[in-house]
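Colleague: build me a structure from this.
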Amino acid sequence: MNPTVLLADADATEALARRLARSAPARAVVFLEGDLGAGKSTLARAWLRDLGVTGAIKSPTYTLVERYPLPSGEAVHLDLYRLAAAGELDFLGLDELAADASLWLVEWPERGQGGLPPPDLVITLAAEGTGRRAHLRAGTGAGQDWLARWGARPE
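Modeller: Got it, this is the predicted structure:
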């Protein structure tokens, strides 16, 4: 099951994020793919809000990593757009993140290829008319189970 969801506007993108946040496994790695302006950061912010993050949710465009405490551990939001090579991931302390993070939201994951944990879920966002299209694809067995649970849930 690799669903595609049409998102009419930012509200629909946020609703998708809430639905995914509520159906996610206890530990999850999510790759967010798409061109600039595709809605990756909108999706990530809404996801983090649904998990209880309060206060500013900053884009990690310049810091590369933002960390957020959650009741179930920690969420990390990475934006790898500015990486020149995957080897630069070594400076981000991913070993520590792997031990502490229950949720990884990774924008521009292709720039960290080989240095990231495997994704449970890959979400590819693309402009479609005045809205967006989100294609969801499982990357692991846990991701397949997640999408099966997600698909069985009402909107």
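
Colleague: quick test: name the residue nearest the centre of this protein.
Modeller: The centre of the chain sits closest to Leu105, judged by C-alpha atoms, centre = their mean, with a distance of 3.3 Å.

Colleague: biggest helix in this protein by residues?
Modeller: Counting residues, the longest helix found in the chain (DSSP state H) is helix 10-23.

Colleague: list the buried ones in stretch 58-78?
Modeller: For stretch 58-78, the neighbour count (16 or more other C-beta atoms under 10 Å) marks Pro60, Leu64, Val65, Glu66, Tyr68, Ala75, Val76, His77, Leu78 as buried. C-beta coordinates here come from the backbone N, C-alpha and C atoms, glycine included.

Colleague: how about stretch 119-134?
Modeller: Buried residues in stretch 119-134, counted by 16+ other C-beta under 10 Å: Pro119, Asp120, Leu121, Val122, Ile123, Thr124, Leu125, Arg132, Arg133, Ala134.

Colleague: which residues touch that stretch?
Modeller: Stretch 119-134 is contacted by residues 4-9, 12-13, 16, 20, 25, 28-35, 37-40, 43, 106, 109, 135-140, 142-143, 146-147 when judged by C-beta atoms under 8 Å, 6 or more residues apart in numbering.

Colleague: ends of it, what's the gap?
Modeller: 16 Å (C-alpha to C-alpha, to the nearest Å).

Colleague: and the residue with the largest distance to the centre of the chain, its phi and psi?
Modeller: Relative to the C-alpha centroid of the chain, counting by C-alpha atoms, centre = their mean, Gly129 is the outermost residue, at 23.1 Å. The phi/psi pair for Gly129 (degrees, to the nearest 10) reads phi 60, psi -130.

Colleague: how near is it to Thr42?
Modeller: In this view, Gly129 and Thr42 are 17 Å apart by C-beta to C-beta, to the nearest Å.
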